[in-house]
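Trainee: Following is a predicted model, sequence given first.
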Amino acid sequence: MPLLHRIARKGHTTVAFTLDGEPREGRAGDTLLTAILSQAKAVRVSEFSGQPRAGFCQMGACQDCWVTLADGARLRACTTPLAAGMSIVTRAGSAA
Amino acid sequence: MNGRAQPLVVGAGSAGIRAAQALVAAGLRPLVVDEAPSCGGQIYRQRLVPDERSETALYGSEAGKARALHRDFAALAGDLDYWPQALLWNLRDGVADIAVAGESRRVAYDGLILATGATDRILPLPGWTLPGVFTLGGAQVALKAQGCAIGSRVVFVGTGPLLYLVAWQYMKAGVAVAAVLDAAPFSAKFAMLRGLMLFPAVVARGMRFVAELRLRGVAIHSGVDNVRFEGGDAVSGVAWTQAGRTHRLACDGVGYGLALRSETQAADLAGCAFRFDERDRAWLPQRDAAGRSSVRHVYLAGDGAGIAGADAAERAGERAALALCEDRHLPYSPERAAVLDVERARIDRFRDVLEAAFPYPTHWAAGLADDTLLCRCEEIRTGEARDAIDRFDIVEINRLKAVSRVGMGRCQGRICAGAAAELLAVQTGRSLDSVGRLRAQAPLKPVPLVLTPAPRETEAAE
């Protein structure tokens, strides 16, 4: 079960991206956080304990939802709009 | 004013919008920088793209205010400079460093209005880092701005007006609300009766939220204690005690918060003097009634300067802009300033009522369990911080940070510093104000190291 459940924008244009190598679809108007958590339970694992994390404040304050793209770029998921073709890595390594 | 740099407004929420509007009305051309992609701040946050929901569905009784703010700011487009998705990350001596569009721009300003807003105030609870546990504000952002619920069966926990508002918004959106767990005893809500004289409509609205939640069968438990979030790879339930008995409820989403805390780091970098505020239990930048800080030509408005809510923020933003105009010897309306002062004083009296109705659970800080994470960035447990305090005779929060790394992570103490100060005060038997406040450090939030300097100094003259 994913963490987030869509109530609105269900019929919006799909936006293709990959999550840990798997092809996925978000919706136009998604943040990265929404795109990931509407299909998964975490956006990263803690670099200390290895425990899953999925963001907390959703307004750019807590810095809990930084994710890594396949090219090494790091983005704060809750304040970054989803763009087509993004390749997001949540499992490997840490976002420290 | 020829040759003078433009005023800088930080934040495009309720306070920043009204400040910018008043500056433009006085003939100035401010630069407004805001982290969000569109104006509105948190309370009147806009969607990234339109969807099928009406503004009334999004903003409820406040839809008119939201619409007016968005419309008024849009109408200023030709008369100011506006950088959305822009992070002010450093401030010193009249110069701001702003990360925007992948570059770092250096802006010289003449007059600074800080309207930096607030986030949820938090005390750590067992399991608070589990996926599915979000702040009350975060739960609201998910619903309002993204059209998503944080779970299919959600529990809302904590205190503050947001607790019932967000629970009600979720219920209205068709989400199953498993329960509202209120940290305050039921009797605290009788304080709201004192607010009837000040803002009867606001009190009535709050009572309607509670009544409608109950009518739909949402359980409301007051005076909850020892709250813990349980689960494996995500939250699966909440446990708490009430009148000495343990209760447990299954859920797959939690919204949690203990009212709000001000974002004060920019004021700190600007060199503003701080004072301890008993009501907010926090160090806040000093300001006079108009919003002048201790630093010449630096002004403070909105929840970033002390929690007062969106209606107060609109007025404080405008009031600070009037003060800036007065200090620049520009024409301004003292009559309008007086009206704003009266209205803000009334809201301030109502804040005392809200504080009595939604009191901070001070005993929760004393009861923090040793194995609960205190700092979620660096994963420092409460017990580790307690050990550091005892072992090194720590009585000051920056020292605690240096020794334990609490507050040294990516959020720079935004989430944990308040809790760490509460813990330090309890542990050392001192008052909360005497343990001090975390010094702000640039960059205020993480910025990429690959930022390239802009080709020239960005310095728009009036």
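Mentor: Perfect, I can see it now.
Trainee: List the contacts of the nearest residue to B:G160 once chain neighbours are set aside.
Mentor: Of all residues not flanking B:G160 in the chain, B:A259 sits nearest, at 3.4 Å (CB to CB, 6 or more residues apart in numbering or on different chains). For glycine as for every other residue, the C-beta is placed from the backbone atoms N, C-alpha and C. By CB atoms under 8 Å, 6 or more residues apart in numbering or on different chains, the contact set of B:A259 is B:D120, B:R121, B:G158, B:T159, B:G160, B:P161, B:L162, B:I307, B:F358, B:Y360.
Trainee: my read: the fifth one touches B:G257, true?
Mentor: Think B:G160. Yes: if you go by CB atoms under 8 Å, B:G160 and B:G257 touch, sitting 6.3 Å apart.
Trainee: and for the two, which residues touch both?
Mentor: B:R121, B:L136.
Trainee: what's the spacing between the nearest residue to B:Q412 once chain neighbours are set aside and chain A?
Mentor: Nearest non-adjacent residue to B:Q412, counting by CB to CB, 6+ apart: B:Q441, 6.5 Å away. Distance, B:Q441 to chain A, by CB to the nearest CB, to the nearest Å: 14 Å.
Trainee: Give me the number of neighbouring residues for B:Q441.
Mentor: Per other CB atoms under 10 Å in any protein chain shown, the neighbour tally for B:Q441 reads 13.
Trainee: What segments of the stretch 351-462 of chain B are strands?
Mentor: Along the stretch 351-462 of chain B, counting by DSSP state E, counting those that start in this stretch, strands occupy B:373-375, B:380-381, B:452-453.
Trainee: Comparing those, which comes out most buried?
Mentor: strand B:373-375 (a mean of 25; mean count of other CB atoms under 10 Å in any protein chain shown).
Trainee: Establish whether that one and chain A are in contact.
Mentor: No: Strand B:373-375 stays clear of chain A (CB under 8 Å from any CB of the partner chain), getting no nearer than 8.8 Å.
Trainee: Quick one: list the elements packing against that strand.
Mentor: With contacts defined as 3 or more CB pairs under 8 Å, 6 or more residues apart in numbering or on different chains; DSSP states H and E, the packing partners of strand B:373-375 are strand B:380-381, helix B:382-391, helix B:417-428.
Trainee: change it to 7 Å
Mentor: strand B:380-381, helix B:417-428 (3 or more CB pairs under 7 Å, 6 or more residues apart in numbering or on different chains; DSSP states H and E).
Trainee: mind putting the ones you listed in JSON lines, distance to chain A and mean pLDDT included?
Mentor: Putting those into JSON lines (distance: least, CB to the nearest CB, whole Å; pLDDT from 0 to 100) gives the following:
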{"stretch": "strand B:380-381", "distance to chain A": "9", "mean pLDDT": "97"}
{"stretch": "helix B:417-428", "distance to chain A": "12", "mean pLDDT": "97"}
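Trainee: Mind checking the ones you listed for the one nearest to B:P84?
Mentor: Of all the helices and strands packed on strand B:373-375, helix B:417-428 sits nearest to B:P84, with 27.8 Å by CB to CB.
Trainee: Now for the contacts of B:A259: which two are most distant?
Mentor: Using CB to CB, the contacts of B:A259 span at most 14.5 Å, a distance reached by B:G158 and B:I307.
Trainee: the more surrounded of these two?
Mentor: Per other CB under 10 Å, whichever of B:G158 and B:I307 has more neighbours is B:G158, with 30 against 24.
Trainee: For the more buried one, give me its contacts.
Mentor: B:L136, B:A183, B:Y256, B:G257, B:L258 (CB atoms under 7 Å, 6 or more residues apart in numbering or on different chains).
Trainee: Equivalent analysis for A:G72, please.
Mentor: Counted by CB under 7 Å, 6+ apart, A:G72 has zero contacts.
Trainee: same question, the one 3 residues further on
Mentor: With contact set as CB under 7 Å, 6+ apart, A:L75 has these partners: A:L32, A:W66, A:V67, A:L69.
Trainee: Please pick the buried ones from those residues.
Mentor: With burial judged by 16 or more other CB atoms under 10 Å in any protein chain shown, the buried subset of those is A:L32, A:W66, A:V67.
Trainee: okay, these in TSV with secondary structure and distance to chain B next?
Mentor: Below are these laid out as TSV (DSSP: H, G, I helix; E, B strand; the rest coil; distance: CB to the nearest CB, whole Å):
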residue	secondary structure	distance to chain B
A:L32	helix	11
A:W66	strand	7
A:V67	strand	13
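Trainee: Now the residue of the stretch 301-450 of chain B found nearest chain A: phi and psi?
Mentor: When distances are taken as CB to the nearest CB, the stretch 301-450 of chain B reaches nearest to chain A at B:R410, 3.7 Å away. Backbone torsions for B:R410, taken as degrees, to the nearest 10, come to phi -60, psi -30.
Trainee: ok, now which ones touch it?
Mentor: A:Q63, B:C377, B:P446.
Trainee: Repeat the analysis, applying 10 Å as the threshold.
Mentor: A:C62, A:Q63, A:D64, A:W66, A:R76, A:A95, A:A96, B:R376, B:C377, B:E378, B:K445, B:P446 (CB atoms under 10 Å, 6 or more residues apart in numbering or on different chains).
Trainee: ditto for B:A312
Mentor: Contacts of B:A312 (CB under 10 Å, 6+ apart): B:14-15, B:301-303, B:306, B:319, B:340, B:343-348, B:350-351.
Trainee: pLDDT wise, what is B:M1 at?
Mentor: The model reports B:M1 with a pLDDT of 44.
Trainee: remind me which residues of chain B are low pLDDT?
Mentor: B:1-2, B:451-453, B:456-462 (pLDDT under 70).
Trainee: What values do phi and psi take at the residue in it that chain A sits nearest to?
Mentor: Using CB to the nearest CB, the point where chain B gets nearest to chain A is B:G147, with a distance of 2.9 Å. Recorded main-chain torsions at B:G147 are phi 70, psi 30, according to degrees, to the nearest 10.
Trainee: just the one 10 residues further on next, same as before
Mentor: The phi/psi pair for B:V157 (degrees, to the nearest 10) reads phi -130, psi 140.
Trainee: Next up, the contacts around the closest residue to chain B within chain A.
Mentor: Ranked by CB to the nearest CB, the top residue of chain A for proximity to chain B is A:A8, at 2.9 Å. For A:A8, the contacting residues are A:27, A:29, B:47, B:51-53, B:57-58, B:143-144, B:146-148, B:173, by CB under 10 Å, 6+ apart.
Trainee: For A:M86, which non-adjacent residue is closest in space?
Mentor: A:M86's closest residue in space is A:F17 (CB to CB, 6+ apart), at 4.3 Å.
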